[in-house]
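Peer 1: quick one, fold the following:
(one chain, ligands or ions: 1)
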Amino acid sequence: MAANKNARVLVVDDESDVLFAMKMLLRPEVKEVITEKNPDNLLALLGKQTFDVIFLDMNFKSALNTGNEGLYWLRQILAKDKEATVILITAYGDVELAVKSLREGAYDFIIKPWHNDKLLETLHQALQARQNKQKGAAGKAGRAASAGSLAILGQSDALQEVLYKLEKIAPTEANVLILGENGTGKELVAQALHQKSFRSGKPFVSVDVAALTDTLFESELFGFKKGAFTDAKEDRAGRFEAASGGTLFLDEIGNISLAQQAKLLTVLQNRQVVPLGSNIPVPVDIRLISATNAPLYEMASRNEYRKDLIYRINTVEITLPPLRDRHGDVEMLTRHFMQLYAQKNHKPVPDLAPATLRKLEQHKWPGNIRELQHAVERAIIMAEGNVLQPQDFTFSPMELGGMAQTAAAAFPDAPLPLSEIERETIRRTIERNNGNISKSAKELGLTRTALYRRLNKHDI
Ligand SMILES: Nc1ncnc2c1ncn2[C@@H]1O[C@H](COP(=O)(O)OP(=O)(O)OP(=O)(O)O)[C@@H](O)[C@H]1O
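Peer 2: Predicted coordinates:
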């Protein structure tokens, strides 16, 4: 890091506290730190000297009124020097905008309040990248995000953007709402966020809230005291307490009743839970990650979901694209799962015929990565030779839409074995709920896990 000792850094922010803190932090790292409170002086400063890195506030309170002053100044800086290395300083609420600003040429951004070591890491990376660029090396190398030991695979732009955002927001305290269809990897992303956060040494507690009735919701999440209800034989901590210091992942948050929404909101507002049968509140120290495949905003506009709860849980949003929109990822994921399941089933890793790949790439994957995963496992188990052929991939009726229904209608009175009836009932329920597993499970009186087990059993 010796090269940094010659570096000159500029910090532009209209808050004196930020300037002071940055100066104290950066001074030992570089040769010179210049601070500037008024962005109007920026261009004059750049005219006088060059800076190796410029930290620029995205949220000036001042005059321009464009809604994104930071972006305006970023453009001004880059117009003057297109090689400038700019790191934006942004608030939680502006992460979307900050991600966009990367496309406009910012090197990176940090989120306020920042962690000092993270900020210094970003500074050193920026200086290194600048040096590489000056030497003519590939400056962008190493920018693609990975998700630690959890393999979130994909090379599509759509997924790369998600991974980039994940890297940025993981080491913050922001509540994250993950949106996306079934099987797009929401839980995987939640785990990665935890693993890359400062809470990673503490528990990651996952709760499928859609599976909980009103009473269970409270006892499971907030805990209970002995005697609170008939079966409460002893005190039990709720999931909020169990996740203390760590991350609480509430899956299927779109599927809770208005009464449950109100209870959750109270806890998040007060940052404390009151266990059932107690009147002593317990303080809560969790980072909240929620996920859903439900259209929360549409539901809110129909008054089926509380807007104030959405605002509590969505400090930052990550939307996972469906697999059909991740161009190039089907092959990568297929090959990954081929290796995984060949190994698991003690078989040699097969090849993939070009026609098979075409078939997989054309399929719409309504069950997304989970569906692909199961399809590959099935193919590995069933395939005869050591090249996977198109016929090794048979898509289930749910995946293909109405075909099975036609078949069932063709034999209305034929006696069916019980397992066929179960299969057909499950299939129709899922179809009626447009592939929503949680809703279907609720309707069928099963937990989601039990339903997944049956989907596997029936090869749906
Ligand atoms: N990008 C990815 N790379 C590798 N595996 C993935 C990826 N995305 C998802 N998976 C795998 O696909 C399966 C489904 O992912 P996950 O359970 O996280 O999805 P989900 O969106 O939470 O699903 P649901 O909405 O049904 O709860 C898991 O086995 C997960 O490990």
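Peer 1: where does the residue of the chain found nearest the ligand land on pLDDT?
Peer 2: Closest to the ligand within the chain is G185: 2.8 Å, counting by Cβ to the nearest ligand atom. Glycine gets a C-beta too; all of them are placed from N, C-alpha and C. pLDDT, G185: 96.
Peer 1: what does this structure put close to the ligand?
Peer 2: 151-154, 180, 182-188, 251, 293, 333, 369-370, 373, 437 (Cβ under 6 Å from any ligand atom).
Peer 1: among the residues you listed, which are located in strands?
Peer 2: Per DSSP state E, strands hold the following members of the residues of the chain next to the ligand: D251.
Peer 1: V11 against E32, yeah?
Peer 2: No. Proximity of V11 to E32 does not meet the contact threshold set by Cβ atoms under 8 Å, at 11.2 Å.
Peer 1: which residues in the stretch 251-400 of the chain form strands?
Peer 2: Along the stretch 251-400 of the chain, the stretches classed as strands by DSSP state E, counting those that start in this stretch are 272-273, 282-283, 287-292, 316-319, 351-352, 387-388.
Peer 1: I'd like those strands laid out as a markdown table, including mean pLDDT and mean neighbour count.
Peer 2: Shown next, in a markdown table, are the strands of the stretch 251-400 of the chain (pLDDT from 0 to 100; neighbours: other Cβ atoms under 10 Å):
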| stretch | mean pLDDT | mean neighbour count |
| --- | --- | --- |
| strand 272-273 | 94 | 19 |
| strand 282-283 | 94 | 14 |
| strand 287-292 | 97 | 25 |
| strand 316-319 | 92 | 19 |
| strand 351-352 | 94 | 16 |
| strand 387-388 | 94 | 17 |
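Peer 1: TSV please, covering those strands and showing distance to D308.
Peer 2: TSV is the format used below for the strands of the stretch 251-400 of the chain (distance: least, Cβ to Cβ, whole Å):
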stretch	distance to D308
strand 272-273	18
strand 282-283	22
strand 287-292	14
strand 316-319	16
strand 351-352	49
strand 387-388	50
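Peer 1: for the nearest residue to P295 once chain neighbours are set aside, what are its contacts?
Peer 2: Excluding the flanking residues, the one nearest P295 by Cβ to Cβ, 6 or more residues apart in numbering is G254, at 7.7 Å. The contact partners of G254, taken as Cβ atoms under 8 Å, 6 or more residues apart in numbering, are 292-296, 299, 305.
Peer 1: swap in 10 Å and give it another go.
Peer 2: 177, 179, 209-210, 290-296, 299, 304-305, 310, 436, 438-439 (Cβ atoms under 10 Å, 6 or more residues apart in numbering).
Peer 1: and D251, by the same measure?
Peer 2: Residues in contact with D251 (Cβ under 10 Å, 6+ apart) are 178, 186-187, 190, 206-211, 289-293, 438, 448.
Peer 1: again, but for K344
Peer 2: 377, 380-381.
Peer 1: among those, name the buried ones.
Peer 2: The neighbour count (16 or more other Cβ atoms under 10 Å) marks 377, 380 as buried among the contacts of K344.
Peer 1: show me where the stretch 51-200 of the chain has strands.
Peer 2: With DSSP E, counting those that start in this stretch as the criterion, the stretch 51-200 of the chain has strands spanning 53-57, 86-90, 108-111, 176-179.
Peer 1: what would those strands look like in CSV with mean neighbour count and mean pLDDT?
Peer 2: Formatted as CSV, the strands of the stretch 51-200 of the chain follow (neighbours: other Cβ atoms under 10 Å; pLDDT from 0 to 100):
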stretch, mean neighbour count, mean pLDDT
strand 53-57, 26, 94
strand 86-90, 24, 90
strand 108-111, 22, 86
strand 176-179, 24, 96
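Peer 1: dump these into TSV; add distance to Q343 as well.
Peer 2: Formatted as TSV, these follow (distance: least, Cβ to Cβ, whole Å):
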stretch	distance to Q343
strand 53-57	45
strand 86-90	42
strand 108-111	38
strand 176-179	29
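Peer 1: just the pLDDT for L250.
Peer 2: pLDDT, L250: 97.
Peer 1: ok, now which ones touch it?
Peer 2: Per Cβ under 10 Å, 6+ apart, neighbours of L250: 177, 190, 205-210, 221, 239, 256, 264, 288-292, 313.
Peer 1: returning to that earlier point: buried members of the contacts of G254 into ChimeraX, please.
Peer 2: Applying 16+ other Cβ under 10 Å to the contacts of G254, the buried members can be selected in ChimeraX as follows:
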select :177,179,209,210,290,291,292,293,294,296,299,305,310,436,438,439
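Peer 1: find the residue closest to R326 in space, skipping its chain neighbours.
Peer 2: Nearest one to R326, counting by Cβ to Cβ, 6+ apart, is S156 at 3.9 Å.
Peer 1: burial measure for the one you found, as a count.
Peer 2: 17 (other Cβ atoms under 10 Å).
Peer 1: list the contacts of it.
Peer 2: With Cβ under 10 Å, 6+ apart, S156 has these contacts: 162, 321, 323, 325-330, 332.
Peer 1: in terms of pLDDT, where does the residue lying closest to K31 once chain neighbours are set aside sit?
Peer 2: Of all residues not flanking K31 in the chain, N6 sits nearest, at 5.3 Å (Cβ to Cβ, 6+ apart). Looking at N6, its pLDDT reads 87.
Peer 1: N6 touches V30, doesn't it?
Peer 2: Yes. At 8.0 Å, N6 and V30 qualify as touching, with contact defined as Cβ atoms under 10 Å.
Peer 1: tell me, what's touching those two both at once?
Peer 2: With Cβ under 10 Å, 6+ apart, N6 and V30 have common neighbours 52, 127.
Peer 1: understood, closing this out.
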